[in-house]
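Enquirer: Model the structure of this input:
(2 chains)
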Amino acid sequence: MNETLTQLEAADFINRSFKPLPKAYGDALVEAARADPRIVALCADLVPPTETDLFRDELPERFHNVGIAEANMIGMAGGMARCGEIPFCHSFCAFITKRVLDQITMQAAYPNLPVKIVGFLPGIATLLGVSHQAIEDVAIMRSVPNMAIFEPSGPEYHATMVKLALDWDGPVYLRMKRPETTPDEFTPRSLEIGKGMIRREGSDVTIITSGLCVLESLKAADTLAKEGIESRVIDMASIKPIDQTLILESAARTGAIVTAENHNIIGGLGSAVAEIIVEEGIGLSFKRVGIRDQFCEGGTTSFLMKKFGLNSSAIAMATRQVLEKKG
Amino acid sequence: MNVKHNLQELTNIATRLRLHVVDMVAPSGQGYVQQGLGAADIFTTLYFAEATMDPTNPSWPDRDRIFLTTAHNTAIFYATLAERGFFDVADLATYVTDGSPLEINSSERMGSFVEATCGSLGQGLSVAVGCALAAKRQGRASRFYVILGDGEMQEGQVWEAAMYAGSQGLDNLCVIVDYNFVQSEGPMDLVMSLEPIMDKMESFGFACQEVDGNDIESLLAAYDLARETKGKSSFIKANTLMGKGVASLEGLMFHQLRFPPEVAASARAELEAQL
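Expert: Got it, this is the predicted structure:
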């Protein structure tokens, strides 16, 4: 009797927890694996949250749930890659980057193997709090030689993430986010390695952003447009390698740059953009929007984006400030 | 013991490898001489008898792969690779000189015969497990040998990898622990004991054997049994004596040993007499 009750409760819990949200990444990975027998998937016991349930069910002979053991997962992936396979490893961003940095550097990056590291729950976007928040992952992964980093701004870019990961002949970090609500119908869009995408054109200021902050930046640009400020918004999904040409062209064109990212302001996208501008000897009005070098807390994404200054109003305010300085 | 191997020939190879170890460590006066002498029989049996490989084609996909996961017992490792024909024996003279790929910790920049860049302890078994799984998937008959350090087994990742190998019944995987009882800060039992190591590995699903790691016939017999064991990974606890083969060094249990020229000279004479 007790057992039956427990199972009913578990079923009810599962039904409430996993709403039928699209799994564009998971679908694309299965499709790629059907076409390329070298592709295998590993997961450290977070299968539906990393959309790998599709792979598990469709291609079980090429799927490993390795248990809650991320370090071993990365080492195994290195071995598989040495034997001619292309392993995609899955967990949450926090656990698949900073927890296993040494394994990544030695068993994927130094030998420049096609180990694809796929994290979900980017930055602050989780109810699960500091243990599950990755606010330093981009800084860490950016400093690893041979590593590429791609971060999609929404489900329409999830399928292209698989393609980018395969196109990069070496280790890759995908900083993924599951949709929180069922989006309207969307059309898959493609991206290119090392290319920023201009999502809105404007000549007064450039907002360079990635991931969750892209939509917030576009909203901020709408608000600013009503004030007569025209913003160019660049979706820098390819964080490494980064689009140096577009950054420098934007700096010359608008003379003011704001960066916006779901990450600590130290070491991430904002730092990457600043490095390029400063090394080119360009003086301009510049501001980074991001987590202000502090630990956060669990909560809904919209609450956290507001509290920690990542939402559209924070981005709009930073944009007004750089324009004031630009004069 | 596999009849195709000549015991006297393997014994001579082991002695030649020990001579290289002495010659390689002598110029700097310190290094892993004790560990190298102790592990010479493991390296000899694996590289010259047990494993299938082709020095003219080190990336041959169907080869057996041997992983030295501590990566720092390199004098014996490089001596073995050179004598096996993977590179010129003359290059051993560059051991631990600036610019030489023969670094104190081995790296795959030497070539693909260094099967993974380890040295950050505890990682190599995971790599071998990944290879073993891929080989099964690809239908290859390759076997995967992992030479673990005993102290290295204190790393948690070793146990993650062992748990997964055990749960998958990877019978193409054979773990050999070079059990010399010493880690960086002294005897293992005074730092953190591994015992009962056989029980631990058995409970992780491994077929376990304990052998004298300086007895060539016992090692070969253990590999034979491991190869014949189906549905389980193998674990061989190979007890080795530090300094083996040089009477004055045998049993001197130090992770780092000063190795002055006069000691090197007498060690060399003693080993040459054994050939």
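Enquirer: Would you mind listing what in the stretch 51-200 of chain B touches chain A?
Expert: Contact residues, the stretch 51-200 of chain B versus chain A (Cβ under 8 Å from any Cβ of the partner chain): B:61, B:107-108, B:115-120, B:122-135, B:137-138, B:156-157, B:160-161, B:163-164. Any C-beta I mention is one placed from the backbone N, CA and C, and that applies to glycine too.
Enquirer: wait, is residue B:66 part of a strand?
Expert: Yes: judged by DSSP: H, G, I helix; E, B strand; the rest coil, residue B:66 forms part of a strand.
Enquirer: how close does it get to residue B:223?
Expert: According to Cβ to Cβ, to the nearest Å, residue B:66 stands 11 Å off from residue B:223.
Enquirer: before we move on, what about residue A:84?
Expert: Residue A:84 is 26 Å from residue B:223, by Cβ to Cβ.
Enquirer: More neighbours: which of the two?
Expert: Neighbour count, other Cβ atoms under 10 Å in any protein chain shown: between residue A:84 and residue B:223, residue B:223 has more, with 25 against 13.
Enquirer: Pretty sure the more buried one sits in a helix.
Expert: Yes: applying three-state DSSP, one finds residue B:223 inside a helix.
Enquirer: ok, it touching residue B:52?
Expert: No: if you go by Cβ atoms under 8 Å, residue B:223 and residue B:52 don't touch, sitting 12.0 Å apart.
Enquirer: pLDDT weak spots in chain A?
Expert: A:1-19 (pLDDT under 70).
Enquirer: cutoff 80 now
Expert: The model of chain A has pLDDT under 80 over residues A:1-20, A:182-184.
Enquirer: now the strands for chain A?
Expert: Along chain A, counting by DSSP state E, strands occupy A:39-43, A:63-65, A:86-92, A:116-120, A:148-150, A:172-175, A:197-200, A:205-209, A:231-235, A:238-240, A:256-264, A:285-291.
Enquirer: could you dump those to CSV with distance to chain B?
Expert: Shown next, in CSV, are these (distance: least, Cβ to the nearest Cβ, whole Å):
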stretch, distance to chain B
strand A:39-43, 8
strand A:63-65, 7
strand A:86-92, 8
strand A:116-120, 14
strand A:148-150, 20
strand A:172-175, 17
strand A:197-200, 35
strand A:205-209, 35
strand A:231-235, 35
strand A:238-240, 22
strand A:256-264, 26
strand A:285-291, 30
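Enquirer: Count residues in the vicinity of the nearest residue to residue A:233 once chain neighbours are set aside, would you?
Expert: Once flanking residues are discounted, residue A:233 sits nearest to residue A:200: 4.2 Å by Cβ to Cβ, 6 or more residues apart in numbering or on different chains. Counted by other Cβ under 10 Å, the residues lying close to residue A:200 total 16.
Enquirer: again, but for residue B:45
Expert: Counted with other Cβ under 10 Å, residue B:45 comes out at 28.
Enquirer: how about the strands in the stretch 51-200 of chain B?
Expert: B:65-68, B:144-149, B:173-179, B:182-183, B:186-187 (DSSP state E, counting those that start in this stretch).
Enquirer: domain assignment for chain A?
Expert: Chain A breaks down by automatic domain parsing into domains covering A:23-175, A:197-326.
Enquirer: Residue B:39 is nearest to which of those domains?
Expert: Nearest of the domains of chain A to residue B:39, taken as Cβ to Cβ: domain A:23-175 at 22.2 Å.
Enquirer: Counting neighbours, what do you get for residue B:101?
Expert: There are 15 residues near residue B:101, going by other Cβ under 10 Å.
Enquirer: need the contact list for it.
Expert: Contacts for residue B:101 were tallied using Cβ atoms under 8 Å, 6 or more residues apart in numbering or on different chains; they are B:107, B:109, B:110.
Enquirer: Can you tell me which of those residues lies closest to chain A?
Expert: residue B:107 (7.9 Å; Cβ to the nearest Cβ).
Enquirer: Check the gap between that closest one and residue B:121 for me.
Expert: Applying Cβ to Cβ to residue B:107 and residue B:121 gives a distance of 15 Å.
Enquirer: which one of the domains of chain A is the most hemmed in?
Expert: domain A:23-175 (a mean of 22; mean count of other Cβ atoms under 10 Å in any protein chain shown).
Enquirer: got the end-to-end distance for it?
Expert: One end of domain A:23-175 to the other measures 15 Å (Cα to Cα, to the nearest Å).
Enquirer: repeat for stretch A:122-132
Expert: End-to-end distance for stretch A:122-132: 9 Å, by Cα to Cα.
Enquirer: what bits of the stretch 1-150 of chain B have low per-residue confidence?
Expert: Residues of the stretch 1-150 of chain B that meet the criterion pLDDT under 80 lie in B:1-5, B:30-31.
Enquirer: How about the contacts made by residue A:88?
Expert: For residue A:88, the contacting residues are A:29, A:39, A:40, A:41, A:42, A:116, A:118, A:165, by Cβ under 8 Å, 6+ apart.
Enquirer: where exactly do the helices run in the stretch 51-200 of chain A?
Expert: In the stretch 51-200 of chain A, the helices defined using DSSP state H, counting those that start in this stretch lie at A:53-58, A:70-82, A:93-96, A:101-104, A:137-142, A:158-167.
Enquirer: Take those helices and lay them out in CSV including distance to residue B:102.
Expert: Below are these laid out as CSV (distance: least, Cβ to Cβ, whole Å):
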stretch, distance to residue B:102
helix A:53-58, 42
helix A:70-82, 22
helix A:93-96, 34
helix A:101-104, 24
helix A:137-142, 31
helix A:158-167, 36
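Enquirer: mind checking which of the ones you listed is nearest residue B:238?
Expert: helix A:70-82 (22.6 Å).
Enquirer: Send me stretch B:81-101 as PDB with only the CA atoms.
Expert: Provided in PDB are the C-alpha atoms of stretch B:81-101 (Å, rounded to 0.1, in the frame of the first residue of the first chain):
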ATOM      1  CA  LEU B  81      59.500   2.800 -24.900                       C
ATOM      2  CA  ALA B  82      62.900   3.300 -26.400                       C
ATOM      3  CA  GLU B  83      64.000  -0.300 -26.100                       C
ATOM      4  CA  ARG B  84      60.600  -1.400 -27.500                       C
ATOM      5  CA  GLY B  85      61.500   0.700 -30.600                       C
ATOM      6  CA  PHE B  86      59.200   3.700 -30.300                       C
ATOM      7  CA  PHE B  87      62.100   6.200 -30.400                       C
ATOM      8  CA  ASP B  88      65.900   6.200 -30.500                       C
ATOM      9  CA  VAL B  89      67.600   4.800 -27.400                       C
ATOM     10  CA  ALA B  90      70.200   7.600 -27.800                       C
ATOM     11  CA  ASP B  91      67.400  10.100 -26.900                       C
ATOM     12  CA  LEU B  92      67.300   8.800 -23.400                       C
ATOM     13  CA  ALA B  93      70.400  10.900 -22.700                       C
ATOM     14  CA  THR B  94      68.200  14.000 -23.000                       C
ATOM     15  CA  TYR B  95      66.000  12.900 -20.000                       C
ATOM     16  CA  VAL B  96      64.900  16.000 -18.000                       C
ATOM     17  CA  THR B  97      67.000  18.400 -19.900                       C
ATOM     18  CA  ASP B  98      65.500  21.700 -21.000                       C
ATOM     19  CA  GLY B  99      63.700  21.500 -24.300                       C
ATOM     20  CA  SER B 100      63.600  17.700 -24.400                       C
ATOM     21  CA  PRO B 101      60.200  16.000 -24.800                       C
END
